[in-house]
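**Q** Show me how the following folds:
(one chain, ligands or ions: 1)
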Amino acid sequence: MIVGILNGPNLNLLGTREPAIYGTATLDDILTHLSGVAASLGVELRTAQANGEGQLIDILHGWRTEVRGVVVNAGAYTHTSLALRDAFTATALPFVEVHLSNIHAREPERRHSVLASASIGMVCGLGADGYEYALRGLVRALASRRS
Ligand code: DQA
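**A** Presented below is the predicted three-dimensional model:
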């Protein structure tokens, strides 16, 4: 089974971007850790990061027939992008949302996710570890859908 890990705007700057909020792990650090977790779960990963909304949508379209589900941190598009949610529903790709910070404890404009209603679930506020929990949760959900 192949699973996608999709990261949105500004997440390429993890490690140096507002470390008090997002921690000091880089995106590479997170993806390296996830590849070990994926191997232990017997799944293969596709990974992508893009800063543009249209680029993220194009990536999902490209993954439509390749991946079984997606772990996504859509960055600020989480709070605004109906187009990205539509891309998930249009491709019928199940997904788990992840956020490093606890978006519910931040500024009011960050407390709502427009993606969440279409998601399997969300992990937030647990820092870089949240990506592992999101991947484990997604793989378990996909396995139970199959059986
Ligand atoms: C984020 C939270 C978003 O509000 C923010 O725009 C990000 C990162 C997080 O991982 O905590 O870019 O998704």
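**Q** tell me which parts of this protein are close to the ligand?
**A** Within the chain, the positions adjacent to the ligand are 10, 73, 75, 76, 78, 99, 100, 101, 103, 110 by C-beta under 6 Å from any ligand atom. Just so you know, the C-beta spots here come from the backbone N, C-alpha and C atoms, and that holds for glycine as well.
**Q** how many neighbours does residue 51 have?
**A** Taking other C-beta atoms under 10 Å as the criterion, the count of residues near residue 51 is 15.
**Q** Please name the nearest non-neighbouring residue to it.
**A** Taking C-beta to C-beta, 6 or more residues apart in numbering, and ignoring the residues beside it in sequence, residue 51 has residue 9 as its nearest neighbour in space, at 4.4 Å.
**Q** ChimeraX command to pick out the buried ones of the residues of the chain next to the ligand?
**A** Here the buried members of the residues of the chain next to the ligand are turned into a ChimeraX selection, burial being counted by 16 or more other C-beta atoms under 10 Å:
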select :73,75,78,99,100,101,103,110
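**Q** Farthest pair within the residues of the chain next to the ligand?
**A** Checked with C-beta to C-beta, the residues of the chain next to the ligand reach their widest spread between 10 and 103, with 14.4 Å between them.
**Q** just curious, which of the residues of the chain next to the ligand is nearest to residue 116?
**A** Once C-beta to C-beta is applied, the member of the residues of the chain next to the ligand that ends up nearest residue 116 is residue 78, at 8.3 Å.
**Q** which SSE is the closest residue to the closest one other than its chain neighbours in?
**A** By the measure of C-beta to C-beta, 6+ apart, the closest residue to residue 78 outside its immediate chain neighbours is residue 113, 4.9 Å from it. In this assignment (DSSP states H and E), residue 113 forms part of neither any helix nor any strand.
**Q** Sweet, I'm off.
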